[in-house]
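Colleague: Predicted structure and sequence below. I'll ask about it afterward.
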Amino acid sequence: MKHGKNIEKPKNFKESIKKFINYLKPFYVYLIIATVLAFIGSIFAIIGPDKIKEITNIIVSGLGSSIDLEKIKSIAIFLVIIYIIGAISSYMEHFIMATVTNKFTKKLRSEISVKINKLPLKYFDNTSYGDILSRVTNDVDTMSQTISQSVGTFVSSLTLLIGSVFMMFYTNYILAIVAILASLLGFLFMVIVLSKSQKYFSKFQEELGELNGHIEETYSGYNIVKTYNGKDSEIAKFDEINNRMFNNALKAHFFSGLMPPFMGFIGNFSYVLVCIVGSYLALNGTITFGVIIAFTIYARLFANPLSQIAQVATSFQSAAAASERVFEFLDVPEMSEETDVKKYLAPDKVKGEIEFKHVKFSYNDDKTIIKDFSSYIKPGSKIAIVGPTGAGKTTLVNLLMKFYEINSGDILIDGVSIKDLRRENIHDLFVMVLQDTWVFDGSIYDNIAYNQKNISKKMVVDACKKIGLNHTIRSLSKGYDTNIGDSDILSAGEKQLLTIARGMIKNSPFLILDEATSSVDTRTEELVSRAMDNLCLNRTSFVIAHRLSTIKNADLILVLDEGNIVEQGTHTELLAKNGFYAKLYNSQFDKNF
């Protein structure tokens, strides 16, 4: 199976981080409050050891005489109060961060949803749907988890780290220097590890998107995979991507996983040094026993933030890799805004005249699809577009619908250039039924009345009766209220009929049928063709067909080959010419047909 091309890896890591921070601007007030709360909780945690030192000194000094229990009681009450306030501050900080995370995620996903609807079709031609899905789900979730779990932890850890250093120097500068020198090695190690592991986090996020794309494509075409015994081939591709993911994840987490235990070791090593040096100083009478007790707690307070910061750094690496992919997607060039487009054609007032003027188009510079196309379409006429595969039939319709921008030339609707009309206005003028059926998870009625206002159930039933689908729907347990989607309740041909019914109830002056009967049998095709003849009344219609029997009664047949109109006329006229169309026709039918 051919996979869509993945989006190119973002090139500016720092720019992605700046955008990540910029997206947090609406939440700065919340973040500041959370930071203050985390700071308060950390300050109270720092004050505690100093008070414990006082209690220890009171107890030690009172061992030979009497212990000042009232002083101990007042200090203990103070400690209880500040620890309770610290716990409340911590809870409020986590609650605020959870709120910020949910709002940030909602905002980012909403912008991605809007972005998807602004991207040109050619973008989706070259991009795996699974990769896009991975950015919307996995990458956004990674960013949100970092905000929720890491920002508050980083602030409180940094506060504890700085506060601990200050209190250690305030308590005893010799022990402070011992503890800090032992920890410098840990900082150096952390910087080295971060520089090594970041590239593996980025590669892992890329491989995750590619894996999602592979899974999405494989299971959307699962019947083909089974039919052609492609299971082993697809499993091999899956294993290849999965192994790359495994290797990158292993390397990323191997490097980042070194930090917490190493920082823990540094903290314990610092703790031991403090105990040894502190004991020596206490024996010499330089410090009291309470100072040693307080300093061992400060050493722990100093070591824990180091380990937490190491874990936060790992989380930030994953978030940085995810943000690169998300913001790269949001930076993909969009379709033009059409802010200067002022003209409007009301669907109920359009006559139905279309003119192609020397239209040229190419998807890329390598190959021109439409070379020089010109034609005039009368209002209310039925136009058939035929030609071999790759001749430019569907491309021509996509240009008419303004799904793609033409390179040169022009297309006029009732004398108005489509360049002067908004895409939404053009789409309102057309009913389009494609060869690829699309149904969503909802009732049959909802699928047929999709995005249409004031559509009664009777209108839906009448449309289904005209194409012979009513009996099938009535035979279902809930009739038109039956829920469908990716289920097998309706066959492929019945789903095609459903999409045709959807097009029949839309009141638009133009109709496009792109191989609309390709999935139905011959008898149903005849029934649908008669229904479409009625649907084409008072509408300018375009029919793209490979089955030439469906377009015999067309007012004009345009025969395309390699992007040019090689012949045009009615069915009878083109057969009489015995040219390109006649060869196409005779290749499908017997001479006596």
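Modeller: Arrived safely. Residues are numbered from 1 along each chain as shown.
Colleague: Need the nearest residue in space to the residue nearest the centre of the chain, chain neighbours excluded.
Modeller: Against the mean C-alpha coordinate of the chain, by Cα atoms, centre = their mean, the closest residue is V136 at 2.4 Å. In this structure, V136 finds its nearest non-sequential neighbour in I112, 5.4 Å apart by Cβ to Cβ, 6 or more residues apart in numbering. Where C-beta positions appear, they are placed from N, C-alpha and C, glycine not excepted.
Colleague: Check the one you found and give its pLDDT.
Modeller: At I112, the model reports a pLDDT of 85.
Colleague: Next up, the contacts around it.
Modeller: Residues near I112 by Cβ atoms under 8 Å, 6 or more residues apart in numbering: 135-136, 140, 326, 329-330.
Colleague: make it 10 Å
Modeller: 132, 135-136, 139-140, 326, 329-330 (Cβ atoms under 10 Å, 6 or more residues apart in numbering).
Colleague: following the strand or helix carrying F104, which helix or strand shows up next?
Modeller: Secondary structure from DSSP states H and E places F104 in helix 69-116. Once helix 69-116 ends, the next helix or strand along the chain (criterion: DSSP H and E) is helix 121-125.
Colleague: Which residues belonging to that next one are considered buried?
Modeller: Counting neighbours by 16 or more other Cβ atoms under 10 Å, one finds that the buried residues in helix 121-125 are Y123.
Colleague: Tell me which residues are up against stretch 166-174.
Modeller: Contacts for stretch 166-174 (Cβ under 10 Å, 6+ apart): 46-47, 49-50, 53, 175-180, 274, 277-278, 280-281, 286-288, 290-292, 294-295, 297-299, 301-302.
Colleague: I figured the residue nearest to the centre of the chain hits M143, correct?
Modeller: No. The pair V136 / M143 is not scored as a contact, 11.6 Å apart, by Cβ atoms under 10 Å.
Colleague: Common neighbours of those two, please.
Modeller: In contact with both V136 and M143: 108, 326, using Cβ under 10 Å, 6+ apart.
Colleague: Run a quick neighbour tally on N22.
Modeller: Neighbouring residues of N22 were enumerated by other Cβ atoms under 10 Å; the total is 10.
Colleague: looking at the contacts of I112, which has the most residues close by?
Modeller: Busiest of the contacts of I112 [other Cβ under 10 Å] is V326, holding 27 neighbours.
Colleague: Tell me how this structure divides into domains.
Modeller: Taking automatic domain parsing as the domain assignment, the ranges for the chain are 13-330, 350-429+540-593.
Colleague: mean pLDDT for the ones you listed: which is lowest?
Modeller: Minimum mean pLDDT among those: domain 13-330, a mean of 76.
Colleague: L584 in helix, strand or coil?
Modeller: helix (DSSP: H, G, I helix; E, B strand; the rest coil).
Colleague: how far away is S477 from V439?
Modeller: Separation of S477 from V439 (Cβ to Cβ, to the nearest Å): 18 Å.
Colleague: same deal with Y28?
Modeller: Computed as Cβ to Cβ, the Y28 to V439 distance reads 45 Å.
Colleague: more neighbours, these two?
Modeller: V439 (21 against 12).
Colleague: can you give me the strands for the stretch 351-500 of the chain?
Modeller: 354-361, 370-377, 382-386, 408-413, 416-417, 430-433, 442-443, 483-484 (DSSP state E, counting those that start in this stretch).
Colleague: Give the full set of residues in contact with N247.
Modeller: 200, 203-204, 207 are the contacts of N247 under Cβ under 10 Å, 6+ apart.
Colleague: Mark which of these are part of helices, please.
Modeller: Per DSSP state H, helices hold the following members of these: 200, 203-204, 207.
Colleague: Export those residues to TSV and append columns for neighbour count and distance to E515.
Modeller: Converted to TSV, the ones in helices among the contacts of N247 look like this (neighbours: other Cβ atoms under 10 Å; distance: Cβ to Cβ, whole Å):
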residue	neighbour count	distance to E515
Y200	20	47
K203	19	42
F204	22	42
E207	21	37
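Colleague: Tell me the one among those residues nearest to L537.
Modeller: E207 (54.8 Å; Cβ to Cβ).
Colleague: give the contact list for the residue nearest to that closest one when sequence neighbours are not counted.
Modeller: Once flanking residues are discounted, E207 sits nearest to M245: 4.3 Å by Cβ to Cβ, 6+ apart. Contact analysis of M245 by Cβ under 10 Å, 6+ apart lists 203-208, 210-211.
Colleague: now, which of the ones in helices among the contacts of N247 sits nearest I406?
Modeller: Looking across the ones in helices among the contacts of N247 and measuring by Cβ to Cβ, the closest to I406 is E207, at 38.1 Å.
Colleague: so who does that closest one touch?
Modeller: Here E207 is in contact with 6, 134, 241-249 (criterion: Cβ under 10 Å, 6+ apart).
Colleague: Distance of it relative to R244?
Modeller: Distance from E207 to R244, by Cβ to Cβ: 5 Å.
Colleague: part of a helix, is N247?
Modeller: Yes. Per three-state DSSP, N247 lies within a helix segment.
Colleague: Against N102, how distant is it?
Modeller: 34 Å.
Colleague: try G479
Modeller: Relative to N102, and taking Cβ to Cβ, G479 is found at 40 Å.
Colleague: Equivalent analysis for G493, please.
Modeller: As for G493, its distance to N102 is 45 Å (criterion: Cβ to Cβ).
Colleague: Now do the host helix or strand of I266: which elements does it pack against?
Modeller: Under the criterion of DSSP H and E, I266 resides in helix 259-283. Packed against helix 259-283 by the contact rule (3 or more Cβ pairs under 10 Å, 6 or more residues apart in numbering; DSSP states H and E) you find helix 173-220, helix 289-330.
Colleague: How many neighbouring residues does Y450 have?
Modeller: 16.
Colleague: Identify the residues contacting it.
Modeller: So Y450 contacts 438-440, 442, 499, 502, 505-506 (Cβ under 10 Å, 6+ apart).
Colleague: The same query, at a cut-off of 8 Å, please.
Modeller: Contacts for Y450 (Cβ under 8 Å, 6+ apart) come out as 440, 502.
Colleague: go on, the one 10 residues further on?
Modeller: Residues counted as contacts of V460 (Cβ under 8 Å, 6+ apart) are 445, 448-449, 480, 501, 505.
Colleague: Which residue, other than its chain neighbours, is closest to it?
Modeller: According to Cβ to Cβ, 6+ apart, the nearest residue to V460 is I448 (4.9 Å).
Colleague: Thought L497 was touching that neighbour, still the case?
Modeller: No. Applying Cβ atoms under 8 Å, one finds I448 not in contact with L497, separated by 10.2 Å.
Colleague: joint contacts of the two?
Modeller: Between them, I448 and L497 share the contacting residues C464, judged by Cβ under 8 Å, 6+ apart.
Colleague: What sits closest to V439 if chain neighbours are left out?
Modeller: N447 (5.2 Å).
Colleague: now that neighbour: how far from E494?
Modeller: 12 Å.
Colleague: so how many other residues sit close to P333?
Modeller: 9.
Colleague: what do you get for L575?
Modeller: When neighbours are defined as other Cβ under 10 Å, L575 has 15 of them.
Colleague: The host helix or strand of it packs against which elements?
Modeller: For L575, the host element (DSSP H and E) is helix 571-577. The helices and strands touching helix 571-577, judged by 3 or more Cβ pairs under 8 Å, 6 or more residues apart in numbering; DSSP states H and E, are strand 556-561, strand 564-569, helix 580-588.
Colleague: any chance of the ones you listed in JSON lines, with distance to F403 too?
Modeller: Shown next, in JSON lines, are these (distance: least, Cβ to Cβ, whole Å):
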{"stretch": "strand 556-561", "distance to F403": "18"}
{"stretch": "strand 564-569", "distance to F403": "21"}
{"stretch": "helix 580-588", "distance to F403": "26"}
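Colleague: Buried deepest among the ones you listed, which one?
Modeller: strand 556-561 (a mean of 22; mean count of other Cβ atoms under 10 Å).
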